[in-house]
Each structure stands twice: as structure tokens, then as C-alpha cells.
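Engineer: pasting the sequence and the predicted model now:
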Amino acid sequence: MASDALIRDLEEERRRNKLDTIRHARWEAEMVKKLGSKWFEVRDKWLMEAFEADRKMWQNSKVREALIRAILARDREIQ
């Protein structure tokens, strides 16, 4: 059945996401150990720059529409 394949795909995606989350947490911990509080300044600066870049992209109606279509298509896959 298609729903069985979808469930397997979702379970695999969740497994990969968990592993990625663990890998990222370990990396963050290493950065804190190496750089101390400086790491948080570097990370926050990078996050703000990334947000601003995304925000500028969202102002373009074609980009915004493409992102919305991609999100809706992904939602339809999951349902």
C-alpha cells in the first residue's frame, strides 16, 4: 500500500532528523568548549544575518510564492 510506504518514509525521515539533531548538539557543545561565551556571539550574529537574508528574499513575490507552493506540496505528501 502507498500509505505503508509513506509511513516508512516518515519514520526514516524522523530517524534522520533525530540523528541530525544529536550531531548538531554535539557540534554546538564542542563550539562552546572551544570558544566559550564568544560562541554565542558568533552564532547569534550569524543567525541574525541569515534571518535578514531570508527576509529580503521573502520580499520578492516570486520567491515567496515558490516557498508557499513548496510548503503546500510537502504538506500534501505527508497527508
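Structural biologist: In hand now; what should we look at? As the structure is a computational prediction, the values presented were derived from the model and not from experiment. Numbering: from 1, shown residues only.
Engineer: need the contact partners of stretch 64-77.
Structural biologist: Contacts to stretch 64-77, defined as Cβ atoms under 8 Å, 6 or more residues apart in numbering, come from residues 6, 58. Where you see a C-beta, it was placed from the backbone N, CA and C, and this is true even at glycine.
Engineer: okay, that stretch in CSV with CA atoms only?
Structural biologist: Taking Å, rounded to 0.1, in the frame of the first residue of the first chain, the C-alpha atoms of stretch 64-77 are listed here in CSV:
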residue,chain,number,x,y,z
ARG,A,64,7.5,33.9,-1.6
GLU,A,65,5.0,32.2,-3.9
ALA,A,66,7.6,29.4,-4.7
LEU,A,67,8.2,28.9,-1.0
ILE,A,68,4.5,28.7,-0.3
ARG,A,69,4.0,26.2,-3.1
ALA,A,70,6.8,24.1,-1.9
ILE,A,71,5.4,24.0,1.7
LEU,A,72,1.9,23.1,0.4
ALA,A,73,3.3,20.4,-1.8
ARG,A,74,5.2,18.9,1.1
ASP,A,75,2.1,19.1,3.3
ARG,A,76,0.1,17.2,0.6
GLU,A,77,2.8,14.5,0.5
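Engineer: and the average pLDDT for that stretch is what?
Structural biologist: The average pLDDT for stretch 64-77 rounds to 86.
Engineer: and stretch 9-27, by the same measure?
Structural biologist: 94.
Engineer: got the CA coordinates for it in CSV?
Structural biologist: Provided in CSV are the C-alpha atoms of stretch 9-27 (Å, rounded to 0.1, in the frame of the first residue of the first chain):
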residue,chain,number,x,y,z
ASP,A,9,9.4,7.2,4.6
LEU,A,10,8.2,9.3,7.5
GLU,A,11,9.8,7.0,10.1
GLU,A,12,13.1,7.1,8.2
GLU,A,13,12.9,10.9,7.9
ARG,A,14,12.2,11.2,11.7
ARG,A,15,15.2,8.9,12.4
ARG,A,16,17.5,11.0,10.2
ASN,A,17,16.2,14.2,11.9
LYS,A,18,16.9,12.8,15.3
LEU,A,19,20.5,11.8,14.3
ASP,A,20,21.0,15.3,12.8
THR,A,21,19.7,16.9,16.0
ILE,A,22,22.2,14.9,18.1
ARG,A,23,25.1,15.6,15.7
HIS,A,24,24.3,19.3,15.8
ALA,A,25,24.0,19.3,19.6
ARG,A,26,27.4,17.7,19.9
TRP,A,27,28.9,20.2,17.5
